[in-house]
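Peer 1: got a predicted structure here, sequence first:
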Number of protein chains: 2
Amino acid sequence: MTQQVTLEDVARLSGVSLATASRALNGRPGVRDDVRLRVSEASGRLGFRPNRAARNLASGRSQVIGLVIPSAELRVDPYGASITHAVGRAATGRDHGLMLHLAAEEPGDTVHHILRDGLIDGLLISTVAIGHPWVEELVDARLPTVLIGTHPTRHDVTGVDVENVESAATAVTHLFEQGCVRVATITGRIERADARLRVEGYRLAHRRAGRVVDESLIVPGDFGRRSGSVAAHRLIASGVDGVFAANDEMAQGALWTFTRAGVRVPDDIAVIGFDGTALEEFMDPTLSTMSQPFDDIAAAAVDELLARISGRAPRPAPIQLSPELLIGESSRRSSLR
Amino acid sequence: MTQQVTLEDVARLSGVSLATASRALNGRPGVRDDVRLRVSEASGRLGFRPNRAARNLASGRSQVIGLVIPSAELRVDPYGASITHAVGRAATGRDHGLMLHLAAEEPGDTVHHILRDGLIDGLLISTVAIGHPWVEELVDARLPTVLIGTHPTRHDVTGVDVENVESAATAVTHLFEQGCVRVATITGRIERADARLRVEGYRLAHRRAGRVVDESLIVPGDFGRRSGSVAAHRLIASGVDGVFAANDEMAQGALWTFTRAGVRVPDDIAVIGFDGTALEEFMDPTLSTMSQPFDDIAAAAVDELLARISGRAPRPAPIQLSPELLIGESSRRSSLR
DNA sequence: TCGTAGCATGGAAGCGCTTCCACGGCAACA
DNA sequence: TGTTGCCGTGGAAGCGCTTCCATGCTACGA
């Protein structure tokens, strides 16, 4: 019903065999130019749309890649939307479709679905999903896979990520440069590699500045807005004058708490986040952040995945990109410079 | 490579024919219970994963539906993420995959991609995409389609939406109840049906309250945060004490402008939005809104689409759901009650 | 002039599954 | 006991495409 014009029709109309018609339309070599033209013209005239399923079955490739992202992330964290968006663009730009797999909490079920859904050539797994036990199963399945993010333990699979340590250090150093002397950090879920690496960057910045880290200022969070708010509460009494939150959501939560508590940002406490998901405009104050190059990350991830799918598989090696320091009002202390 | 266990292996191991094995695994009638059990056991033992492409080719169904959503929407408007998320859940819950189609600005290309991608059984088109000229092409393609939202002109295709007029009226009435006497509205892109319907609701509320609409208080916006901010600027001098924004993004933009300008919310001006995409917590002040039942919308849309796919196609009729009034600080005027 | 390489083309075999149809066996009926 | 009918099963024909292989042709060099 949806399909009726088949390759055979095209072949017949252009007076060639199925084989030739197929070759002509797929740009395979060994077809005379005039024939190719005739076929493609016939195809156009008939409104031929190749049946993907058949092509997939015959060729073993579907031209579709999957993206696994935890259900909750897409809903509440702009990071998920940003990544999804960027991956979608990247996939489309490379003539591939994108199957979205929302990973529920229940483990096995998801994996089963994804693998059974078989019709994907490869899989992209978002950071936020890494650490879920079922991710292991996926990675172990014989399906080309690339992570978006850094896996805490496994190095047998390629991950594309921002350079977390150096970026976090940049953020903290920026606070130092604004005159902050006592800088805290609100961490992400510490099981996650990126969360740990950002703490490491926090330490690195201190080391570089010749300062000593006050361990009590490393406050655990979970990347959620609420946890940023809670952490901020704890920090108000601790005499800090700068806060580096491991993502923008927590930074926003902290900002909210500070504002409510009458703490002036950035004058009393300067704040900087990470990700670049909070629109820099239309917040009060606008948020400083390390903005992730989502499009570049997605492009790199998709390219890497396609390479693996087509067998051009270099050995797994992390790909790292650099975020950009965006200075907003939450950390700009003109008075203190 | 990714696939090696075929139905034939399962059939052989369980000592039945392909036909029976297929029937057994698909729950088709006409298979003795013990045979069915034997087959499913063999399937499990071999780790059989049916090849989707083959199944699709043979059955003509792919168990995959597509979601079209404008590229930009997913990135900047939480509405897109919310819808995508909800649809993903709904599709998965009904044992269907979800292909994500990010609609670029360029028209033809997108359509071509989507249709060529053929391997979807049906299509969901998000509100935000409605109005784009290429949507017409999609709707006209012989592919089951359901809209999420209301199409401004076409009624030959089913749409699932919130009851916009009544909901908008509820929001505005709520402002009246808080003591507002001069209420403005910031509209969405007026080409869109929902934008128009919400203005209609705004008028309806006035009519019900026996008030007359001041046309100058109907300020055009485009659903973007910035336009809310710009509109708010215009409104500050107009002596309004209440604003109904056609979505939360614009409400947030307005809130930002008001706060910057020293206008107290809700005391000077009360604000209410629409959508429920702004987290009600962690804003200052927290935003009142008409919260859309995203999950219900998605479920209804997917169900409707699946019905059409399987031929159980009732004639196109809009399905309408009701949002919920969530009262936040931006409109709660305890002092005035 | 013949042999041979090389190219464009067609034939046909699948890819792995679903499903129509025919068949054999059994129970229920006359 | 013979007939009818149903149920469970297997055979086999595709679904629409890709691709291997064989074929015929042209063009070239010997």
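Peer 2: Nice, I can see it.
Peer 1: quick one: the strands in the stretch 101-250 of chain A?
Peer 2: Ranges of strands in the stretch 101-250 of chain A, per DSSP state E, counting those that start in this stretch, are A:122-126, A:145-148, A:159-162, A:183-186, A:218-219, A:242-245.
Peer 1: right, so of these, which gets closest to chain B?
Peer 2: strand A:122-126 (9.4 Å; C-beta to the nearest C-beta). Glycine gets a C-beta too; all of them are placed from N, C-alpha and C.
Peer 1: what is that closest one packed up against?
Peer 2: strand A:64-70, helix A:78-93, helix A:133-140, strand A:145-148, helix A:294-309 (3 or more C-beta pairs under 8 Å, 6 or more residues apart in numbering or on different chains; DSSP states H and E).
Peer 1: give me the mean pLDDT for that strand.
Peer 2: The pLDDT scores in strand A:122-126 average 90.
Peer 1: ok, and what's touching it?
Peer 2: A:65-70, A:73, A:80, A:83, A:87, A:114, A:135, A:138-139, A:143-149, A:301-302, A:305-306, A:308-309 (C-beta atoms under 8 Å, 6 or more residues apart in numbering or on different chains).
Peer 1: ok, 7 Å please
Peer 2: Strand A:122-126 is contacted by residues A:65-69, A:83, A:87, A:135, A:138, A:143-149, A:301, A:305, A:308-309 when judged by C-beta atoms under 7 Å, 6 or more residues apart in numbering or on different chains.
Peer 1: low-confidence ranges in the stretch 101-250 of chain A?
Peer 2: Along the stretch 101-250 of chain A, the model assigns pLDDT under 70 to residues A:105-118, A:128-133.
Peer 1: neighbours of residue A:239, how many?
Peer 2: Neighbours of residue A:239 under the rule other C-beta atoms under 10 Å in any protein chain shown: 12.
Peer 1: ok, it to DNA strand C distance?
Peer 2: 65 Å (C-beta to the nearest atom of the strand, to the nearest Å).
Peer 1: ok, now how distant is the spatially closest residue to that residue that is not a sequence neighbour from residue A:329?
Peer 2: Computed as C-beta to C-beta, 6 or more residues apart in numbering or on different chains, the closest residue to residue A:239 that is not its neighbour in sequence is residue A:182, at 6.0 Å. Residue A:182 sits 20 Å away from residue A:329, taking C-beta to C-beta, to the nearest Å as the criterion.
Peer 1: same check on residue A:225?
Peer 2: 19 Å.
Peer 1: which of these two has more neighbours?
Peer 2: Remark: of residue A:225 and residue A:329, residue A:225 carries more neighbours, 24 against 18, as counted by other C-beta under 10 Å.
Peer 1: which residues touch that one?
Peer 2: A:249, A:250, A:252, A:253, B:279, B:282.
Peer 1: got the phi and psi for the residue in the stretch 151-300 of chain A that DNA strand D sits nearest to?
Peer 2: With C-beta to the nearest atom of the strand, the shortest gap between the stretch 151-300 of chain A and DNA strand D falls at residue A:158, namely 25.4 Å. The phi/psi pair for residue A:158 (degrees, to the nearest 10) reads phi -70, psi 140.
Peer 1: to DNA strand D, which of the helices and strands packed on strand A:122-126 lies closest?
Peer 2: helix A:294-309 (13.4 Å).
Peer 1: any idea of the angle the closest one forms with strand A:64-70?
Peer 2: For helix A:294-309 against strand A:64-70, the angle by axes from the mean of the first three to the mean of the last three C-alpha atoms, to 10 degrees is 130 degrees.
Peer 1: what angle sits between helix A:294-309 and helix A:78-93?
Peer 2: With the same axes, to 10 degrees as the basis, helix A:294-309 and helix A:78-93 are set at 50 degrees to each other.
Peer 1: dump helix A:294-309 to PDB, restricted to CA.
Peer 2: Output of helix A:294-309 as PDB, limited to C-alpha atoms (Å, rounded to 0.1, in the frame of the first residue of the first chain):
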ATOM      1  CA  PHE A 294      27.800  19.400  20.900                       C
ATOM      2  CA  ASP A 295      27.800  19.500  17.100                       C
ATOM      3  CA  ASP A 296      31.400  18.600  17.000                       C
ATOM      4  CA  ILE A 297      31.000  15.800  19.500                       C
ATOM      5  CA  ALA A 298      28.100  14.300  17.600                       C
ATOM      6  CA  ALA A 299      29.900  14.600  14.300                       C
ATOM      7  CA  ALA A 300      33.000  12.900  15.700                       C
ATOM      8  CA  ALA A 301      30.900  10.200  17.300                       C
ATOM      9  CA  VAL A 302      28.900   9.500  14.200                       C
ATOM     10  CA  ASP A 303      32.000   9.500  12.000                       C
ATOM     11  CA  GLU A 304      33.700   7.100  14.300                       C
ATOM     12  CA  LEU A 305      30.800   4.800  14.400                       C
ATOM     13  CA  LEU A 306      30.300   4.800  10.700                       C
ATOM     14  CA  ALA A 307      34.000   4.000  10.300                       C
ATOM     15  CA  ARG A 308      33.600   1.000  12.600                       C
ATOM     16  CA  ILE A 309      30.400  -0.100  10.900                       C
END
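Peer 1: which helices and strands does the helix or strand following that helix pack with?
Peer 2: Using DSSP states H and E, the helix or strand that follows helix A:294-309 in sequence is strand A:319-321. Contacts defined by 3 or more C-beta pairs under 7 Å, 6 or more residues apart in numbering or on different chains; DSSP states H and E place strand A:319-321 against strand A:159-162, helix A:294-309.
Peer 1: and the contacts of the first one?
Peer 2: What it means is strand A:159-162. By C-beta under 7 Å, 6+ apart, strand A:159-162 touches A:146-151, A:194, A:292, A:297, A:300-301, A:304, A:318-323.
Peer 1: select only the buried ones of those in PyMOL?
Peer 2: PyMOL command restricting the contacts of strand A:159-162 to the buried ones, with burial defined by 16 or more other C-beta atoms under 10 Å in any protein chain shown:
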select buried, chain A and resi 146+147+148+149+150+151+194+292+297+300+301+304+320+321+323
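Peer 1: save the strands of the stretch 101-250 of chain A as CSV, and put in distance to residue B:210 too.
Peer 2: As requested, these are arranged in CSV below (distance: least, C-beta to C-beta, whole Å):
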stretch, distance to residue B:210
strand A:122-126, 53
strand A:145-148, 57
strand A:159-162, 58
strand A:183-186, 52
strand A:218-219, 55
strand A:242-245, 50
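Peer 1: closest to residue B:206 out of those?
Peer 2: Residue B:206 lies closest to strand A:242-245 among these, at 44.3 Å (C-beta to C-beta).
Peer 1: and that closest one, does that touch chain B?
Peer 2: No - residues of strand A:242-245 are not located near chain B by C-beta under 7 Å from any C-beta of the partner chain, the shortest gap being 13.0 Å.
Peer 1: neighbouring strands of that strand in the sheet, and parallel or not?
Peer 2: Its sheet considered, strand A:242-245 pairs with strand A:183-186 (parallel), strand A:270-272 (parallel) by DSSP bridges.
Peer 1: list the contacts of the spatially most central residue of chain A.
Peer 2: The centre of chain A sits closest to residue A:83, judged by C-alpha atoms, centre = their mean, with a distance of 4.0 Å. With contact taken as C-beta under 7 Å, 6+ apart, residue A:83 is in contact with A:69, A:126, A:148, A:294, A:298.
Peer 1: report the contact partners of the residue of the stretch 201-337 of chain A found nearest DNA strand C.
Peer 2: Scanning the stretch 201-337 of chain A for the residue nearest DNA strand C gives residue A:309, at 17.1 Å (criterion: C-beta to the nearest atom of the strand). Taking C-beta under 7 Å, 6+ apart, we find residue A:309 in contact with A:121, A:122, A:144.
Peer 1: quick revisit: make CSV out of the helices and strands packed on strand A:319-321 and add distance to residue B:26.
Peer 2: Listed next are these as CSV, based on distance: least, C-beta to C-beta, whole Å:
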stretch, distance to residue B:26
strand A:159-162, 38
helix A:294-309, 29
